[in-house]
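Peer 1: would you be able to build a 3D model of this:
(3 chains)
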Amino acid sequence: MTGQERSEEKSECVSLSPMREAVPTPSKCERVCVFGTGDLGRSLGLRLLQAGYGVVFGSRRPHSSSFLPHGAQVLGHAAAAQSAHLIFIAVQREHYDFLVPLANQLKGKVLVDLSNNQRKNQYPEANAEYLQSLVTGAEVVKGFNTLSAWSLQNGPSDANRQVYICGESVEAKQAVIAVATKLGLSALDRGFLSVARELEDFPLQLFPQWRLPLRIAIGLSAAFFFYLLIRDIIYAYVTQGKDISFRIMVSLANKVCPIVSLIMLSLCYLPGVLASFLQLYRGTKYRRFPDWLDRWMLCRKQLGLLALGFAFLHVLYTLIIPIRYYVRFKSTERTVSVIRENRTSEFDTMTAWRSDSYLSLGILGFGLYVLLGITSLPSVSNALSWREFSFVQSKLGHLTLLLCTAHTYLYGWNRFLSSSTYKWYTPPGYMLCLVLPSVVLLLKLLLITPCVDRTITRIRQGWERGADQRNPKDSHPLIP
Amino acid sequence: MTGQERSEEKSECVSLSPMREAVPTPSKCERVCVFGTGDLGRSLGLRLLQAGYGVVFGSRRPHSSSFLPHGAQVLGHAAAAQSAHLIFIAVQREHYDFLVPLANQLKGKVLVDLSNNQRKNQYPEANAEYLQSLVTGAEVVKGFNTLSAWSLQNGPSDANRQVYICGESVEAKQAVIAVATKLGLSALDRGFLSVARELEDFPLQLFPQWRLPLRIAIGLSAAFFFYLLIRDIIYAYVTQGKDISFRIMVSLANKVCPIVSLIMLSLCYLPGVLASFLQLYRGTKYRRFPDWLDRWMLCRKQLGLLALGFAFLHVLYTLIIPIRYYVRFKSTERTVSVIRENRTSEFDTMTAWRSDSYLSLGILGFGLYVLLGITSLPSVSNALSWREFSFVQSKLGHLTLLLCTAHTYLYGWNRFLSSSTYKWYTPPGYMLCLVLPSVVLLLKLLLITPCVDRTITRIRQGWERGADQRNPKDSHPLIP
Amino acid sequence: MTGQERSEEKSECVSLSPMREAVPTPSKCERVCVFGTGDLGRSLGLRLLQAGYGVVFGSRRPHSSSFLPHGAQVLGHAAAAQSAHLIFIAVQREHYDFLVPLANQLKGKVLVDLSNNQRKNQYPEANAEYLQSLVTGAEVVKGFNTLSAWSLQNGPSDANRQVYICGESVEAKQAVIAVATKLGLSALDRGFLSVARELEDFPLQLFPQWRLPLRIAIGLSAAFFFYLLIRDIIYAYVTQGKDISFRIMVSLANKVCPIVSLIMLSLCYLPGVLASFLQLYRGTKYRRFPDWLDRWMLCRKQLGLLALGFAFLHVLYTLIIPIRYYVRFKSTERTVSVIRENRTSEFDTMTAWRSDSYLSLGILGFGLYVLLGITSLPSVSNALSWREFSFVQSKLGHLTLLLCTAHTYLYGWNRFLSSSTYKWYTPPGYMLCLVLPSVVLLLKLLLITPCVDRTITRIRQGWERGADQRNPKDSHPLIP
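Peer 2: Numbers count the residues shown, from 1 in each chain, chains lettered A, B, ... in the order given. So this is what the prediction gives:
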């Protein structure tokens, strides 16, 4: 990431925040100290003042620090450190060495390391661990680093209310948790200081759960794009010498999108089906799934949402068909040829049924698709009970897959049998993309047959094959 | 629900959770006990460890329990029970009897019943009440049962942060609330143990607020489907012998969808209008509405969202019209007949106006419809002040109804007068569906006339007809 | 707003709430007092009971008060006031004078002023300040006024969990914060009582951040509507005497929508670019932006969402093109004229390329547009890390602008050069709307050239031009 976006965000920090006029509650309250008078230090100081703390900024030149929130005190580092038990270090790691001479004043104090790095693995050890090694007499707690100056100034919204902390000393961590609670944050203790690195990497990550699904989507798109390019455009050029390259922009895109969408939707439901068969085979639910299955399960939501994105593009590409120059040209040409050759065409009820069913199934499938997408929104899925969520995502999800698969079969119709479909002995794209969803639906059908379903339900309630003679009390856990 | 979905959800429990590497903060912390080493017990134990508690698992075979979170202790049930004041019972109800012999060790302890059932009314009394009857010396608190093992492992997200508890002892409940708070949950005391049944039913419910609206939607769809089937398809077959059954898939669907959508949208605004007239008639707002009106009011959001769903399908069905085989065939046929019969058709500006206005009103109406849907998302409506929410849902809502009704009137246009419209003396579907929205809009118009509006506003500010001589202080409450 | 909506909301208060059956936890708990037995008073009382408080209602006629929650006590005002330390005043400001004779009983008590007004500036001073002036011996705390009776009854959802309080006494405020916390609310101290007015205005505000963007949208729409009306419809009428006024409904709307959408999208990205250049020019990030730029930055989200709304309408208006009577008429006419005049038209591959590319870019641009809109939903943007959010909103945002601008250029194509385009010497609308996005994209291009980008990144990391000799420790803050 360039620094570009950073400033756009940052630039909001200086601006009219809703808390601006807040007057700090004065005196006789607990004091905390903030080292560093940059954006983050000042924002944190303001928020602490608003929460009723006395705030002392530590600065090398206490008399020339400007922009500090009204109500805060500014002292030299040593004096500031002595004035409070809890010291927030809002300074960049490169400047931590200024703390070494303060070792005496920092002895026994709780230092909260707020720092982040600019990229992963920038330094050999975590900033917080480095800080602890510099000031061995103090108790370092890593935390709050997921908050931006901006979110501190504007008050926490729902999701970023959660902050993570870690450190060696339980007392130090509890002191920090107390401050977090007063600031309206909810701090979660993640353990010892060795976790600091993980916490420092957190704000640097860019959609880690989306990487694998995105790679699959891009890979599939590229593969099918080239496959269809050869079959449709290069084939026409080679065998008939026609240049229909303009079809890349819409026709080809409108073939790649639905193909990738359907494959990704079935990839979203395949791991659940596989997991069921694995449990059935093992006869127990108390063994971990293999790692690849675990990882696959965890990215089902992302797979599904990407599938929805491709379906959305497919809908748009389909709806603009009649506006295209090529389509309008062909339509006029067809009518003209009917007249000139004095042909009469017969209305075919079967074709009308097929065409309308095909469209109707697609519409209903897309409607359900969108419904699944909406229930994936955090605020919606949180409002659902667990049973409701699983009803939508599993029952309606498989119904969506069924509708979209049927839509594709109707698109193919009887062309499956015609040999002219197989240019250069290759099947068309929609046939290839039908394989996976058909397999998933077949397996799912097997799983919901009464006898299989009964066994699987028992396994999920804690029953283990060949384990009935063992103590049932501990091994039969609660179905959550 | 089959066990199918359950396992798909469950299978995530075993997988890579973000909390996995968390190291528990050790020693000298408060100890809690967990009975049951299933998914839920283990997940709860891990979370308790992360929150800084010492965790003791109670197991019948303490030496052979596996998969338990690192840092937890495993003891026999009796020893485990003695080690802590608070004991979480993460065991299925069927196995509660193992607790009877432990009566001595459990005396005075707080037992948190986490259990759920698999269907409503599975047992004569609530699990928590049954537990209390088995272990009379302990204080049973029902709670946490809305949490799944999965949400415990992954940390609570916004909405499921709220858990409900109930029990007889205030002290026991306060101890449980303290633990909940440390786990980042917000526990709400719902009262005595008699509420336990309600809490146990909660995770089993499947969209209770959606049932009535869904039934209305399905009923209306079925009624109009058969009505239009007779009028359109059977009529054509009987009177002209034509088989136009293929129209079921798209044409008929595209008539049923907008009709049901418009009726449901007006059903969404009718109760508010009725309530206003009731207050106007009674001259006070301090009397409860009849139960049916109350219940109707409470499902307005669901009625509106279903109406949006049908409108969405209507839009898709309309947009694919020009792609349909039937439409393309007819279009060619029409052009051909113009040529062959050497007709000239005149461009009719009035028809162009009507057609374009009809489409434009529909588009604007749908745009507002979508806006209403977006503001219904929990995270969006929560961000609105109460005045903003009611502006959107009431002002914009009635405007949407007005636009959609006008859209339908323009669709009908002058066909209202033509006798050929009334096949078999029945009015077409769009006429039937106009009745309700027209009534709602007329009543609403009456309500916003200045004189009626003034009275209604006074009533809502606490004024009561014929009550002015009474003490005004208590009867005029704050307008929130 | 009329009182209409108010009652519709209010009417829900009396109805089946999920908390209805909750039984209050009795006795020996802390007591609080509520003055006022209206909707808000009763709802607050019920919630306090559920949270475990003893509740005493103060009423002038304690024996005739009805509808009060089960478990609450009702006393006369004086007796009620004496029974508790904390008194919630859920009475309208007009009736505050009944508190004057209670001065003795209220001495030293904490009075929580919950009141709101019906419009801004209704009274010369804030209600809470007026209350304090009436009962000088008590400690008035303003707060909770953003809660409606409805949200109190139904339990707080995510966002309205945050309440604001203000007052002179720290102790009084801490007592109120403690109650708020027990009610599951998170109270934020906003300072002294002088802030009360601001808190009282809050529930009255109607989309304050949307005003400026909405005005811009309406202004632009009106300006372009009249511009295009003159160029398209009046021009045709004046020069050719043709009445094509029906085009207003769809054709004109479908020109205004994309034009306004593109301009507003570039207005959304222009301030960020300007801010970067300003930082570059100043050589520091430590100087505030001018006020107009600050205000502009703060409404970027609203500008973007309005732009999305217009783009959505543009898509719908475009997709219904082939259904329009006018378009179908013209299409038939064209085919007929081809036959009658025995013309043959040649298929133009270049036109097909241009038409398809134009549509494809539009579809991709709209897809990204929708993605940006979805990530603007509070629950989605909260789930993103700060880096992810800025990646989506900045990187993908500028890509969206690029795609939409290219879409518009392709629409114009070579008509830029044709003189017939410039009716009455005015450029067509799409040319005018290309100016701003082109400028934004050019400036952005400049900013991401390596040398400029390097300087800007350094500035954002705290570097100041000509400041290297100064103390680097305090001036180099943490990059949050």
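
Peer 1: for whichever strand or helix holds residue A:257, buried residues please.
Peer 2: For residue A:257, the element it lies in under DSSP states H and E is helix A:253-282. Residues A:253-276, A:278-280 are the ones in helix A:253-282 that count as buried (16 or more other CB atoms under 10 Å in any protein chain shown). No exception for glycine: its C-beta is placed from N, CA and C like everyone else's.

Peer 1: relative to residue C:424, how far out is the closest residue to chain B within the stretch 151-300 of chain A?
Peer 2: Residue nearest to chain B within the stretch 151-300 of chain A: residue A:191 (3.3 Å; CB to the nearest CB). As judged by CB to CB, to the nearest Å, residue A:191 and residue C:424 stand 74 Å apart.

Peer 1: what parts of the stretch 351-480 of chain A come near chain C?
Peer 2: Residues of the stretch 351-480 of chain A found near chain C (CB under 8 Å from any CB of the partner chain) are A:377-380, A:382.

Peer 1: show me which of those are buried.
Peer 2: Buried members of these, scored by 16+ other CB under 10 Å, are A:377-380, A:382.

Peer 1: where does confidence bottom out across those?
Peer 2: Within these, residue A:382 has the lowest pLDDT, namely 71.

Peer 1: pretty sure residue A:265 contacts residue A:307?
Peer 2: Yes. Contact criterion CB atoms under 8 Å: residue A:265 and residue A:307 qualify, at 4.2 Å.

Peer 1: joint contacts of these two?
Peer 2: Shared contacts of residue A:265 and residue A:307, defined by CB atoms under 8 Å, 6 or more residues apart in numbering or on different chains, comprise residue A:369.

Peer 1: higher neighbour count, residue A:191 and residue C:424?
Peer 2: Just comparing residue A:191 and residue C:424: by other CB atoms under 10 Å in any protein chain shown the higher neighbour count belongs to residue A:191, 25 against 10.

Peer 1: quick check: the spatially most distant residue from the centre of chain A vs chain C, distance?
Peer 2: What lies farthest from the middle of chain A is residue A:342; by CA atoms, centre = their mean that is 59.5 Å. Remark: distance between residue A:342 and chain C (CB to the nearest CB, to the nearest Å) = 12 Å.

Peer 1: for that residue, which three-state class applies?
Peer 2: In three-state terms, and counting by DSSP: H, G, I helix; E, B strand; the rest coil, residue A:342 is coil.

Peer 1: ok, the closest residue to chain B within the stretch 1-150 of chain A - contacts?
Peer 2: Closest approach between the stretch 1-150 of chain A and chain B, counting by CB to the nearest CB: residue A:141, at 11.8 Å. Residue A:141 makes contacts with A:110-113, A:128, A:165-167, A:169, A:172-173, A:176, as judged by CB under 8 Å, 6+ apart.

Peer 1: if we go to 7 Å?
Peer 2: By CB atoms under 7 Å, 6 or more residues apart in numbering or on different chains, the residues touching residue A:141 are A:110, A:112, A:165, A:167, A:172-173, A:176.

Peer 1: sec struct for it, please.
Peer 2: Judged by three-state DSSP, the three-state class of residue A:141 is strand.

Peer 1: and what of residue A:56?
Peer 2: Secondary structure, three-state DSSP: residue A:56 is strand.

Peer 1: shouldn't it be in contact with residue A:75?
Peer 2: Yes. At 5.8 Å, residue A:56 counts as touching residue A:75 under the criterion of CB atoms under 7 Å.

Peer 1: low-confidence bits of the stretch 51-200 of chain A, can you list those?
Peer 2: The stretch 51-200 of chain A contains residues with pLDDT under 70 at A:64-67, A:148-161, A:184.

Peer 1: try it again with 50
Peer 2: Applying pLDDT under 50 to the stretch 51-200 of chain A flags residues A:155-159.

Peer 1: tell me where it has strands.
Peer 2: Ranges of strands within the stretch 51-200 of chain A are A:54-58, A:73-75, A:86-89, A:110-113, A:139-143, A:162-167, A:186-189, based on DSSP state E, counting those that start in this stretch.

Peer 1: same for the third one, what does it pack against?
Peer 2: When contacts are defined as 3 or more CB pairs under 7 Å, 6 or more residues apart in numbering or on different chains; DSSP states H and E, strand A:86-89 packs onto strand A:31-35, strand A:110-113.

Peer 1: just name the most buried of those strands.
Peer 2: With neighbours defined as mean count of other CB atoms under 10 Å in any protein chain shown, the helices and strands packed on strand A:86-89 peak in mean count at strand A:110-113, which reaches a mean of 28.

Peer 1: and that strand, C-alpha only, in PDB?
Peer 2: Extracted C-alpha coordinates of strand A:110-113, given in PDB (Å, rounded to 0.1, in the frame of the first residue of the first chain):
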ATOM      1  CA  VAL A 110       3.000  -0.700  33.300                       C
ATOM      2  CA  LEU A 111       4.100   0.200  29.800                       C
ATOM      3  CA  VAL A 112       1.400  -0.200  27.100                       C
ATOM      4  CA  ASP A 113       3.100  -0.700  23.700                       C
END
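
Peer 1: can you name the residues in contact with it?
Peer 2: For strand A:110-113, the external contacting residues (CB under 7 Å, 6+ apart) are A:85-89, A:127-128, A:131, A:135, A:138-144, A:172, A:175-176.

Peer 1: filter those residues to the buried ones?
Peer 2: By neighbour count, with 16+ other CB under 10 Å, the contacts of strand A:110-113 hold A:86-89, A:127-128, A:131, A:135, A:138-144, A:172, A:175-176 as buried.

Peer 1: tell me who's in contact with the residue nearest to residue A:205 when sequence neighbours are not counted.
Peer 2: Closest residue to residue A:205 apart from its sequence neighbours, by CB to CB, 6 or more residues apart in numbering or on different chains: residue C:385 at 6.2 Å. For residue C:385, the contacting residues are A:202-203, A:205, by CB under 7 Å, 6+ apart.

Peer 1: about what we covered before: look up how far residue B:329 lies from the residue farthest from the centre of chain A.
Peer 2: Separation of residue A:342 from residue B:329 (CB to CB): 18 Å.

Peer 1: try residue A:407
Peer 2: To residue B:329, residue A:407 is 22 Å away according to CB to CB.

Peer 1: quick one, which of the two is more surrounded?
Peer 2: Neighbours were counted for residue A:407 and for residue B:329 using other CB under 10 Å; residue A:407 has more, 21 against 17.

Peer 1: near chain B, from the buried ones among the residues of the stretch 351-480 of chain A next to chain C?
Peer 2: A:377-380, A:382 (CB under 7 Å from any CB of the partner chain).

Peer 1: which two from these end up farthest apart in space?
Peer 2: Maximum pairwise distance among those (CB to CB): 9.0 Å, between A:377 and A:382.

Peer 1: low-scoring stretches of the stretch 351-480 of chain A, by residue?
Peer 2: Of all residues in the stretch 351-480 of chain A, those with pLDDT under 50 make up the ranges A:469-480.

Peer 1: tell me the residue of it that sits nearest chain C?
Peer 2: The nearest approach of the stretch 351-480 of chain A to chain C comes at residue A:379, 3.5 Å away (CB to the nearest CB).

Peer 1: again, but for chain A
Peer 2: Nearest to chain C, among the residues of chain A, is residue A:38, at 1.2 Å (CB to the nearest CB).

Peer 1: tell me the pLDDT of that residue.
Peer 2: 77.

Peer 1: tally of neighbours for it?
Peer 2: Look at residue A:38: counted by other CB under 10 Å, it has 22 neighbours.

Peer 1: out of the buried ones among the residues of the stretch 351-480 of chain A next to chain C, list just those in strands.
Peer 2: Of these, none are assigned to strands by DSSP state E.

Peer 1: go through the residues you listed and name the one nearest residue C:365.
Peer 2: residue A:377 (22.9 Å).

Peer 1: the closest one: what's it in contact with?
Peer 2: Residue A:377 neighbours (CB under 7 Å, 6+ apart): B:377, C:377, C:379-380.
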